[in-house]
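> test case, fold it:
(chains A and B)
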Amino acid sequence: EAGVTQFPSHSVIEKGQTVTLRCDPISGHDNLYWYRRVMGKEIKFLLHFVKESKQDESGMPNNRFLAERTGGTYSTLKVQPAELEDSGVYFCASSHYRDSSYEQYFGPGTRLTVT
Amino acid sequence: DQQVKQNSPSLSVQEGRISILNCDYTNSMFDYFLWYKKYPAEGPTFLISISSIKDKNEDGRFTVFLNKSAKHLSLHIVPSQPGDSAVYFCAAAAKEGGDKIIFGKGTRLHILP
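Coordinates of the predicted model:
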């Protein structure tokens, strides 16, 4: 079974530019999550999709971040315009619906560097 | 304000000995606790979890202990092996918080030969 995949693995952009990150969850997983880890800090929750619906977006930092999950399969996270403080590693995770163990399967992450 | 705290940024343990990683939390509403392991350039991998109604969960070499009155949990690895060298994240979740997992900053474990 293929795991969670993310693209690109690394992105370097200039302040003010736009970047789109992609996540493909494990096939059949209804839940999809985005997290971010800024260097030296904890991994922080951004948002949660159940199929194509946003269940919880309480962790999204501001309106420069837009997440979509059209058709309930893969998801994209767009940052527009990017700021220096957006640098970090963006993780995507997925899980079965109604998995009471909270076990989430993480992708390898996309390292975003804003210069 | 950090709800899950891992106060030791790093820990070195001799191969074959016991590794003990500690974690404290502040939110009494947490009802599930998890440990994730992370290698460089990879995402966190689920290791072991424990429900708040239990005080111990064991899986092979890994045991998690929960002390609710102290709001403290620990992960024991016995015996420690070279492949255990990684960053370990303590994490917690609350039913009222939906599915989001709250992570600590992580502890880097070095297993010495």
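> which residues in the chain form strands?
Unless you meant another one, I'm taking chain A. A:5-7, A:10-13, A:19-24, A:31-37, A:43-50, A:53-56, A:65-68, A:75-79, A:88-95, A:105-106, A:110-114 (DSSP state E).
> that answer is for a different chain, and I need it for chain B
B:4-5, B:10-14, B:19-25, B:32-38, B:45-51, B:56-59, B:62-67, B:72-77, B:86-93, B:102-103, B:107-112.
> show me which residues of chain A sit near chain B.
Within chain A, the positions near chain B by Cβ under 8 Å from any Cβ of the partner chain are A:4, A:31, A:33, A:35, A:40-45, A:48, A:55-56, A:58-59, A:91, A:93, A:95, A:101-109. Yep, even glycine has a C-beta here, placed from its N, CA and C like the rest.
> how near is the nearest residue to B:Ser51 once chain neighbours are set aside to B:Phe46?
Beyond its immediate neighbours in the sequence, the residue positioned closest to B:Ser51 (Cβ to Cβ, 6 or more residues apart in numbering or on different chains) is B:Tyr32, lying 5.8 Å away. According to Cβ to Cβ, to the nearest Å, B:Tyr32 stands 12 Å off from B:Phe46.
> do the same with B:Tyr25
18 Å.
> spit out the contact partners of the residue lying closest to B:Arg108 once chain neighbours are set aside.
If the residues on either side of it in the chain are set aside, B:Arg108 comes closest to B:Ser10, at 4.3 Å by Cβ to Cβ, 6+ apart. Counting by Cβ atoms under 8 Å, 6 or more residues apart in numbering or on different chains, B:Ser10 makes contact with B:Thr107, B:Arg108, B:Leu109, B:His110.
> buried among these? Need that as a selection in ChimeraX.
Those of the contacts of B:Ser10 that count as buried under 16 or more other Cβ atoms under 10 Å in any protein chain shown are selected in ChimeraX with:
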select /B:107,109
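> so can I have TSV of the contacts of B:Ser10 showing pLDDT?
Below are the contacts of B:Ser10 laid out as TSV (pLDDT from 0 to 100):
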residue	pLDDT
B:Thr107	97
B:Arg108	97
B:Leu109	98
B:His110	98
